[in-house]
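[1] let me see the structure of the following:
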Amino acid sequence: MKAAALAVLALLPAPAFAGYECTATQQCGGGTCEAYTGGPFLIEESGDVWRVSTGGQSWEGYQTTTMDTGGEVSIVLPPQNGMSGLVSIFPSGEFLFTAHAGGQGAVAITGSGSCAGDGG
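    Below you'll find the model as predicted:
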């Protein structure tokens with residue numbers, strides 16, 4: 001009976017999770033901008049949270065808007081691993097990120113680039 005129940009569950013449609021691979025072309029902070037060399041941003045939906053990874057680090061965030069409801073995918077990153085931030089992906093594929101960190105003085109870093117992916 002358990003095998004039959006598992007077989008039926010396997011046939012049910014599963015939610016499609018969204019994901020993006022984004023390339024940042026520049027980052028700005030402290031009044032200057034430079035090329036971003038940290039590799040791609042992988043942004044993947046994982047249940048109720050979104051995982052944002054780059055350069056060997058990752059953060060979990062929460063989607064606040066979708067392309068359908070807000071005209072962009074907006075993911076808020078609450079404080080974790082020494083920073084907080086925001087990721088925005090627009091229908092054109094443009095990508096913006098902002099990271100905030102405290103310490104010896106508050107720091108804000110912004111960046112921009114483009115994304116490819118299967119939506120959100």
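[2] okay, CA-based contacts and neighbour counts for the rest of this
    Noted.
[3] any idea which helix or strand carries residue 68?
    helix 67-70 (DSSP states H and E).
[4] mean confidence for the helix or strand just after that helix?
    Going down the chain from helix 67-70, the next helix or strand is strand 73-80, by DSSP H and E. The predicted model assigns strand 73-80 a mean pLDDT of 95.
[5] got it, and stretch 41-48?
    Average pLDDT, stretch 41-48: 91.
[6] do you know how far residue 68 is from residue 90?
    Summarising the geometry, the distance separating residue 68 from residue 90, computed by C-alpha to C-alpha, to the nearest Å, is 11 Å.
[7] looking at these two, which has the bigger crowd around it?
    Neighbours per residue (other C-alpha atoms under 10 Å) separate residue 68 from residue 90, with residue 90 holding more: 17 against 10.
[8] ok, that one - contacts?
    With C-alpha atoms under 8 Å, 6 or more residues apart in numbering as the criterion, the residues that contact residue 90 are 67, 71-73.
[9] what bits of this protein have low per-residue confidence?
    In the prediction, the chain carries residues with pLDDT under 70 at positions 1-17, 119-120.
[10] for it, just list every one of the helices.
    Taking DSSP state H as the criterion, the chain carries its helices at 2-11, 67-70.
[11] beta partners for the residue nearest to residue 59 when sequence neighbours are not counted?
    Setting aside the residues directly before and after it, residue 59 is nearest to residue 52 in space (C-alpha to C-alpha, 6 or more residues apart in numbering), at 5.2 Å. The bridge-partner assignment for residue 52, based on DSSP bridges, gives residue 43, residue 59.
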